[in-house]
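In: no sequence on this one, just coordinates:
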């Protein structure tokens, strides 16, 4: 059975060891969440003269940003056609302009700070394999050209297989996200600014100043940015306006296979995302995709197997797969992230979420918009991304995903158990089992110890399911995830699954 593990980015970059947040710290701005949005915002604000505290519950750049495919491009598949449908041609133009600016902001940091992060310019492609997709790609090219993007329609690519047509966007980029962000984060501490790790935030009180509460104490700041993927504070109801989606990736040494000389994503399904990676002189080929809504797929190990088969079929000269990892992102119903106030009235409590799998540029856009807001600068893009907008309400996607969450809430309570007995579980396996008449989440760890918990998610009380590829309990409603032993590891939840006692073996 194929298992996921640490990403290529995690394995090829150093660990970090920043201190935990003590009590009594005061700064101008607290940034909660140290991925690409949090680190970039903290750096922009400090270099503009603000004191900042960057706070992460675990270690910095090990969340969604540490498990990305790391394409730095304004080319987001076929998104612009959908954005134009929702926001008009001007909305598509603003989205293009802001994401191109984010690409150049990253390039400028790399050049100015001399960051060694394998940054290289590459063309970005969205390719079609069938006639119906050709029409979609052609329409997308026209929309993107009108939005000011450097795109053209081509019929040939450097890929080792035939495509019917492709959108080619010039002068985009790829890089190593952790090398880039760890270098930026290293410039934050000092002169009244800080980076804190191992400091889970339990509550944020809006006020003058705001109070950020952790187990170690309270931090006070005039402004607070929540850059925690989906906000763990439910006050903005973002869990109804975005839905969780998982994706998978594998990477193998390129070996004697031909370099694809670009970044690629297909126009159809299942998704295939392709690029190269670098570790010193070693070049790897990465294939990603096979996405699905969190908690809706039971046979997750097959996702890795299918990606490996695709890689082996088209690049037979590549080496054996060395890295397998998965990630989770939140998808905005209208394809545009939410950036701004957590809710109406929270002038100093800001949020950024729902990057729809294009976090390298969208996360940088968010950092630029939020830092401008805190610094009192006008930002021409802020209106499009406004976190208070009601645009997606009533759309087919909004209605479908929220209906799906409601269905899971009721039907999963009535569904049959996965296993008949805890004795069926081998080391490393988990399942939902009826114990004393109650459905119970049970995991047997590699040492053979059994862990039993309530299967009820501690966010909004849906029932979790077992993910065998990641050995985690995943909530299909809003994407909270728990380790096999019930510890909260991702999503809007901040509480562990409630433990239960198993009956003594007879």
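Out: Yes, it's here. From a predicted model like this one, the values you see are computed outputs, not experimental measurements.
In: tell me which residues of the longest helix seen in the chain are tucked away?
Out: Longest helix of the chain, by residue count under DSSP state H: helix 79-113. Within helix 79-113, the residues that count as buried by 16 or more other CB atoms under 10 Å are 79-84, 86-87, 91-103, 105-107, 109-110. For every residue, glycine as well, the C-beta is placed using N, CA and C.
In: what's downstream of it, the next helix or strand?
Out: strand 120-128 (DSSP states H and E).
In: quick one: contacts of the helix or strand following that next one?
Out: Using DSSP H and E, the helix or strand that follows strand 120-128 in sequence is helix 131-146. Contact partners of helix 131-146, identified using CB atoms under 8 Å, 6 or more residues apart in numbering, comprise 75, 78, 80-81, 84, 89, 92-93, 96, 126-128, 151-153, 164-167, 169, 266-268.
In: What about residue 3, how many residues nearby?
Out: Residues lying near residue 3 (other CB atoms under 10 Å) number 13.
In: Residue 24 too?
Out: Residue 24: 9 neighbours (other CB under 10 Å).
In: repeat for the one 10 residues further on
Out: For residue 34, the neighbour count with other CB under 10 Å is 30.
In: got the phi/psi numbers for it?
Out: Main-chain torsions, residue 34, degrees, to the nearest 10: phi -110, psi 60.
In: Help me confirm that it comes into contact with residue 53.
Out: No - the pair residue 34 / residue 53 is not scored as a contact, 10.7 Å apart, by CB atoms under 8 Å.
In: shared neighbours, the two?
Out: residue 195.
In: name the helices or strands packed onto the longest helix of the chain?
Out: Applying 3 or more CB pairs under 8 Å, 6 or more residues apart in numbering; DSSP states H and E, we find helix 79-113 packed against helix 131-146, strand 165-174, helix 177-185, helix 359-374, helix 382-385.
In: low-scoring stretches of the protein, by residue?
Out: Where the chain drops to pLDDT under 70, the residues are 1, 234-236, 391-420, 506.
In: Would you mind giving the domain segments of it?
Out: 20-68+179-240+335-389, 71-173+246-327, 394-506 (automatic domain parsing).
In: Any idea how far apart the tips of the second one sit?
Out: Right, the one you point to is domain 71-173+246-327. 14 Å (CA to CA, to the nearest Å).
In: cool, and the first one?
Out: With CA to CA applied, domain 20-68+179-240+335-389 spans 36 Å between its terminal residues.
In: any idea how far that domain is from the chain center?
Out: Centroid separation between domain 20-68+179-240+335-389 and its chain, computed with CA atoms, centre = their mean, to the nearest Å, is 15 Å.
In: cool, and the longest one?
Out: Distance of domain 71-173+246-327 from its chain centroid, counting by CA atoms, centre = their mean, is 15 Å.
In: same check, this time on stretch 474-483
Out: The answer for stretch 474-483 is 14 Å, by CA atoms, centre = their mean.
In: What is the end-to-end distance of it?
Out: Note: stretch 474-483 ends 9 Å apart using CA to CA.
In: Now for the residue lying closest to residue 389 once chain neighbours are set aside: which residues touch it?
Out: Leaving aside its chain neighbours, residue 389 sits nearest to residue 338 (7.7 Å; criterion: CB to CB, 6 or more residues apart in numbering). Going by CB under 8 Å, 6+ apart, residue 338 touches 236, 238, 241-242, 332, 351-354, 385-387, 389.
In: Tell me who's in contact with residue 305.
Out: Residues near residue 305 by CB under 8 Å, 6+ apart: residue 2.
In: quick one: it is in a strand?
Out: No - Residue 305 sits outside any strand when classified using DSSP: H, G, I helix; E, B strand; the rest coil, being helix.
In: so how far is residue 2 from it?
Out: Distance, residue 305 to residue 2, using CB to CB, to the nearest Å: 5 Å.
In: do the same with residue 18
Out: Taken as CB to CB, the span from residue 18 to residue 2 is 34 Å.
In: out of these two, which sits in the busier spot?
Out: residue 18 (21 against 18).
In: Wait, the more buried one touches residue 58, no?
Out: No - using CB under 8 Å, residue 18 is not in contact with residue 58; the gap is 10.9 Å.
In: any common contacting residues for those two?
Out: By CB under 8 Å, 6+ apart, the residues touching both residue 18 and residue 58 are residue 197.
In: would you list the domains of the chain in JSON lines and tack on distance to residue 7?
Out: What follows is the domains of the chain, written out as JSON lines (distance: least, CB to CB, whole Å):
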{"stretch": "domain 20-68+179-240+335-389", "distance to residue 7": "5"}
{"stretch": "domain 71-173+246-327", "distance to residue 7": "4"}
{"stretch": "domain 394-506", "distance to residue 7": "12"}
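In: and residue 11, which of those is closest to it?
Out: Closest approach to residue 11 among the domains of the chain is made by domain 71-173+246-327 (6.8 Å; CB to CB).
In: List the residues that contact residue 225.
Out: 29, 30, 31, 32, 33, 37, 38, 41, 350, 351, 352, 370 are the contacts of residue 225 under CB under 8 Å, 6+ apart.
In: what do you get if the cut-off is 7 Å, keeping everything else the same?
Out: By CB atoms under 7 Å, 6 or more residues apart in numbering, the contact list for residue 225 reads 29, 31, 32, 38, 41, 350, 370.
In: before we move on, what about residue 306?
Out: residue 290.
In: Kindly recompute the last result at 10 Å.
Out: 2, 248, 250, 270, 272, 287, 289, 290 (CB atoms under 10 Å, 6 or more residues apart in numbering).
In: Ok, residue 221 next?
Out: 25-32, 50-53, 204, 209-212, 348.
In: can you count the residues close to residue 478?
Out: 26.
In: Let me see the residues that make contact with the helix or strand where residue 153 lies.
Out: According to DSSP H and E, residue 153 maps onto strand 151-154. For strand 151-154, the surrounding residues in contact (CB under 10 Å, 6+ apart) are 74-75, 80, 96, 123-128, 134, 137-138, 140-145, 163, 165-170.
In: what pairs with it, and is each one parallel or antiparallel?
Out: strand 165-174 (antiparallel) (DSSP bridges).
In: And for residue 387, the neighbour number?
Out: Neighbours around residue 387, by other CB under 10 Å: 24.
In: List the contacts of it.
Out: Counting by CB under 10 Å, 6+ apart, residue 387 has contacts 231, 236, 238, 241, 337-344, 346, 350-354, 366.
In: which non-adjacent residue is nearest residue 363?
Out: residue 36 is the one closest to residue 363 (CB to CB, 6+ apart), at 3.8 Å.
In: Surely the one you found touches residue 368?
Out: No - look at residue 36 against residue 368 with CB atoms under 10 Å: they stay out of range, at 11.6 Å.
In: quick one, which of these two is more surrounded?
Out: residue 36 (31 against 23).
In: which residues touch the more buried one?
Out: Counting by CB under 10 Å, 6+ apart, residue 36 touches 61, 63-66, 68, 70, 102, 106, 177, 180-181, 184, 227, 355, 359-364, 366-367.
In: The same query, at a cut-off of 7 Å, please.
Out: 65, 177, 181, 359, 360, 363, 364.
In: From these, list the buried ones, please.
Out: 65, 177, 181, 359, 360, 363, 364.
In: how close does the last one get to residue 293?
Out: To tie it back to what came earlier, the one meant is residue 364. 26 Å.
In: likewise the first one?
Out: Distance of residue 65 to residue 293, given as CB to CB: 21 Å.
In: what do you get for the fourth one?
Out: For residue 359, the distance to residue 293 (CB to CB) stands at 18 Å.
In: Residue 237 too?
Out: With CB to CB as the criterion, residue 237 and residue 293 are 19 Å apart.
In: Looking at these two, which is more packed in?
Out: Higher neighbour count among residue 237 and residue 293: residue 293, with 17 against 9, using other CB under 10 Å.
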